[in-house]
Structure formats: C-alpha cells, structure tokens
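K.L.:
Requesting a structural model of the entry that follows:
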Amino acid sequence: MPDIGTAVVRCLVPDLPSADAILPYLRRIDAARWYTNFGPLAVEFEQHAASIAGGDAPAHCVALSSGTTALACALGALGLPAGSRVLVPAFTFPATALAVLHAGHVPVLGDVSSDHWTLTPDTAAPMVAKARCRAVLPVAALGRPIDVEGFDRLADATGIAVLIDGAGALGVQPLGRAPVAFSLHATKPLGIGEGGLLATRDAALAERVRRLANFGFTGNVITQRGGNAKLSEFAAAVGLAQLARAPHVLGRRDALWTRYRSRLATVDGVVMQSGFASRAPAMLAVRVARGGAACAAALAAQGIESRRWYCPPLHRQPALADLPVAGELLVTDTLDAEVVGLPFHAFLIDADLDRVAVALRTAIEQAR
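P.N.:
Numbers count the residues shown, from 1 in each chain. The predicted structure follows:
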C-alpha cells in the first residue's frame, strides 16, 4: 500500500461550473417559473450546443435526459423496422447495446480496429453484410472521433442507417450526415451532471427525436410510442454555464494531454490508442502487454487510481452474453486483457504526470 502521507492520484475528477457561474441561470428560472418541457434555457442550450457540435455548417440539437436516451430516441427516429439488427462494437460501454434493446432492435456485436478501438467503415462493411444489419452504431471510444466521411460513404454503398455514439466527444467529434448522440454525464469533458444531446443536420429527424422525448406527442395526441427524455431547465442552466467555459475546458485538457503524452511515450511496453495526436481523449486508456488487471493492481499499490473502461466487453457481460456476434472478437479480447485506464482530468499537475509515468514503468518491469 502507498505511504499514509502520500496523496492518491485520482483517476477522474469532474470539471463542472461553480455555483456562482450557475446562479444567474437559476435566477432566470425563478423569474420565468418554467422548469421543464422545452423551457427557454433548454432551447438556448440547444442553440449553443449546435454551434459546438455542427462546426461551420448548420446543425440541429435536441437536449435530452442522458446519452442513453439520446441514442434510444435517435434509433426510434430512424424509422427502422422493429427488431432490426444493429451492428455495435463489442468494446464499448453497455449503454450502447442497451439503447438498441430499449429501442426494440437487436444489437449485433462486432470486433473493433486494433488502432481505433472501435468500428471503422472498413471493418464494419463486411460485418454488416454478414450479419444482415440494417444499421451500424460506431462509438467514439474514449472520445476518439469517428470517421464521418467514411461512414457516409458506407451508408451510400449499402443503404444502411448510421448513428454515432459520440459519448464524451462533444467539441471533438465532427458532424457528417449521420446523427451523433453525446453524453453530458459529469465524467465527460463537457459534462453537466447528467444529460444527453442529439446533433444532426436533418431538421426533420431532430423534430422526430423531440417528439419521442416527449412521449410521442404531436399536439395533444400520441402519434409515436415515445417516453420522457426531456432535459430540465435546471440541467440546462448547468449546461449553459458549462458551454460558456468550453474553450477554456477543452484547451486546458489539450495542453495537459501534450505534456502527458510525451511522458507516456518514454515508457516501454505501453501502446496508446490512435487518433489523439493533438486533441485530448475523454478518458485515457493504454494497452500494456503484460495485463491490464495486473497493471491496475500495481498502480493502486503506488497510490494511483485506475479504471478498466469497457472491460469486460459486451459479450462477457452476463445480461448481454446472448447477443449475436458478427465473427470472432479477437481484438476485443486482446483489449479486454491489456487495457488499463490512467488518471486524466483537469486537476492533475506535472508532478502527478511524472508519478504516473514512473509507476507505470515500474508496474510493467515488475510484470516482466
């Protein structure tokens, strides 16, 4: 165990706006006495989020109660036949598959790229054909952006629907033709505590998602079987305060990542996920050939918290073990054995980065 006087290096610390920053928005709620049901703050939050998610082109955003409900509502809005097979990566957070199930479809588990750690257009194409999928749901694994142009081409070539699970990649994930669902959980770089966001270039799709998030109402009648997935005004207040900080939050994370990455590059036996040449990951994980679980235990002995995100993968989750699989999951199984999540958050200092690098090097050498 670490010395009692040694501070623990936390793995993940949320970076949300202060109470003082949120207070002006709460006063607006008091003045309006509008607390939910597409209130003025939620609408304003959607407009601000669209400018971040859409880049230089127009985008439509729908604020929702969680990233999972954003996925489920988007799947419902795509108009797939009930029970459609949807290709999802086996290496992802369970919410990806659970959203497919909640939308009335069948997740089909596919292997991931050894570099990207998720589905790519090239790896997904043969699995979609083999498993007769009507849709594919690539995940921005740990915040790694998805190749939207490649998936647009795959959709054109096959006619399948594409929905991207952007998870923690708001502000990093580009928006193509495929809609993107983002999580606003407290652990995400632009988290608000709990919430979700659906971004799309398609105004009609956004409106269908909005209806599904409000029980399926069109006027006073139910025209679709929806649910209650609306974002409250209180959550939107945090969201507006957080988006005002977005350039600072993301810029600070990118600067930290530059310093961190240079230290990790000196540790033999560590393989980093591709796609983060300059932009920071949402969560930092690396591969260690001698075993992720053993490395996590060795780090803990040095007072360094770690996580094993996406482990076990979906095919080893008891509630999901019966899902169909599109071929072998060789890369997924390798990641399950080797991945360990390292501390990464805005409150780390350079001394913490040095400590993590030394402890990681020691853990790998001990395993050898």
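K.L.:
Going by C-alpha atoms from here, please, whenever you check contacts or count neighbours.
P.N.:
Fine.
K.L.:
got the buried residues for the helix or strand hosting Leu360?
P.N.:
Element membership for Leu360 (DSSP states H and E) is helix 350-367. For helix 350-367, the neighbour count (16 or more other Cα atoms under 10 Å) marks Asp352, Leu353, Val356, Ala357, Val358, Ala359, Leu360, Arg361, Thr362, Ala363, Ile364 as buried.
K.L.:
who touches it?
P.N.:
9, 259-260, 263-264, 267-269, 288, 290, 294-295, 298-299, 302, 304, 342-343 (Cα atoms under 8 Å, 6 or more residues apart in numbering).
K.L.:
where do the strands sit along this protein?
P.N.:
For the chain, strands defined by DSSP state E occupy the ranges 60-64, 85-89, 106-110, 135-136, 161-162, 164-167, 180-183, 196-200, 217-218, 221-222, 270-272, 284-288, 339-342.
K.L.:
Can you say which of these is nearest to Leu26?
P.N.:
strand 60-64 (17.7 Å; Cα to Cα).
K.L.:
For the closest one, enumerate the helices and strands it packs against.
P.N.:
helix 40-53, strand 196-200, helix 203-212 (3 or more Cα pairs under 8 Å, 6 or more residues apart in numbering; DSSP states H and E).
K.L.:
strands paired with the shortest one, and their directions?
P.N.:
Looking back up the chat, that one is strand 196-200. If you go by DSSP bridges, strand 196-200 pairs up with strand 60-64 (antiparallel), strand 180-183 (antiparallel).
K.L.:
Ranking those by mean neighbour count, which comes first?
P.N.:
Most buried of those by mean neighbour count (mean count of other Cα atoms under 10 Å) is strand 180-183; its value is a mean of 32.
K.L.:
Could you give the average pLDDT over that strand?
P.N.:
For strand 180-183, mean pLDDT is 98.
K.L.:
what does it contact?
P.N.:
By Cα under 8 Å, 6+ apart, strand 180-183 touches 66-68, 70-71, 74, 163-170, 191, 194-200.
K.L.:
Emit the PyMOL select command for whichever of these are buried.
P.N.:
To isolate the buried members of those in PyMOL, using 16+ other Cα under 10 Å:
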select buried, resi 66+67+68+70+71+74+163+164+165+166+167+168+169+170+191+194+195+196+197+198+199+200
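K.L.:
returning to what we had before: now do the helix holding Leu360 and strand 284-288, the angle between them.
P.N.:
On the basis of axes from the mean of the first three to the mean of the last three Cα atoms, to 10 degrees, helix 350-367 is oriented at 20 degrees to strand 284-288.
K.L.:
ranges for the helices of this structure?
P.N.:
With DSSP state H, the ranges of helices along the chain come out as 19-32, 40-53, 67-77, 95-102, 121-131, 148-158, 203-212, 233-244, 246-264, 292-301, 330-338, 350-367.
K.L.:
Where does the prediction get shaky in the stretch 251-368 of the chain?
P.N.:
Low-confidence segments of the stretch 251-368 of the chain, defined by pLDDT under 70: 368.
K.L.:
80 instead, please
P.N.:
290, 367-368 (pLDDT under 80).
K.L.:
from the helices of the chain, which stretch is densest packed?
P.N.:
helix 67-77 (a mean of 28).
K.L.:
packing partners for that one?
P.N.:
By 3+ Cα pairs under 8 Å, 6+ apart, helix 67-77 packs against helix 95-102, strand 180-183, strand 196-200, helix 203-212.
K.L.:
Just the CA atoms of the second one, as PDB, please.
P.N.:
The C-alpha atoms that make up strand 180-183 are tabulated as PDB, following Å, rounded to 0.1, in the frame of the first residue of the first chain:
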ATOM      1  CA  VAL A 180     -24.400  11.900 -33.300                       C
ATOM      2  CA  ALA A 181     -25.600  11.200 -29.700                       C
ATOM      3  CA  PHE A 182     -23.500  12.800 -27.000                       C
ATOM      4  CA  SER A 183     -23.400  12.100 -23.200                       C
END
